[in-house]
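> I would like to see how this sequence folds:
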Amino acid sequence: MEMTFTENVSPRGVRLTTMQRWQPGTRVLLTFPQNGIRSEGRIVYCQRVESGNFALGLELPWQVQRCQMLW
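Sure thing, here's the model as predicted:
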């Protein structure tokens, strides 16, 4: 379990930072603390960033994508 920070939200998913490397294709369980929504996501990419952490691109199901548009 890791608390992360969202860098970007798009209609298809989110980009967030994490301290560990993740394998693309891995499914993860997300909880959005602002509203308590829980959803499964799929890691699309994992890139090391200047800070030494990793940036993850996560694809989210369409139900969560719709909720994001309301945030």
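
> CA atoms of the strand or helix carrying Gly57 as CSV?
Using DSSP states H and E, Gly57 maps to strand 54-59. Provided in CSV are the C-alpha atoms of strand 54-59 (Å, rounded to 0.1, in the frame of the first residue of the first chain):
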residue,chain,number,x,y,z
PHE,A,54,8.5,7.0,-10.8
ALA,A,55,5.6,8.4,-12.8
LEU,A,56,2.8,6.0,-13.5
GLY,A,57,0.2,6.3,-16.2
LEU,A,58,-3.0,4.5,-15.1
GLU,A,59,-5.9,3.6,-17.3
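
> tell me which strands it pairs with, and in which orientation.
Partner strands and pairing direction for strand 54-59 (DSSP bridges) are strand 13-18 (antiparallel), strand 37-48 (antiparallel).

> flag every buried residue along it.
Neighbour-count burial for strand 54-59, with 16 or more other C-beta atoms under 10 Å as criterion, is recorded at Phe54, Ala55, Leu56, Gly57, Leu58. Quick note: C-beta positions are derived from backbone N, CA and C, even for glycine.

> for stretch 5-13, what is the average pLDDT?
Average pLDDT, stretch 5-13: 81.

> send over it as CSV, restricted to the C-alpha atoms.
C-alpha atoms of stretch 5-13 as CSV (Å, rounded to 0.1, in the frame of the first residue of the first chain):
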residue,chain,number,x,y,z
PHE,A,5,0.1,12.2,-5.5
THR,A,6,-1.9,12.8,-8.7
GLU,A,7,0.0,14.9,-11.3
ASN,A,8,-2.6,14.9,-14.0
VAL,A,9,-6.1,13.7,-14.6
SER,A,10,-7.4,13.0,-18.1
PRO,A,11,-10.6,11.5,-19.6
ARG,A,12,-8.8,8.1,-19.9
GLY,A,13,-6.9,7.9,-16.6
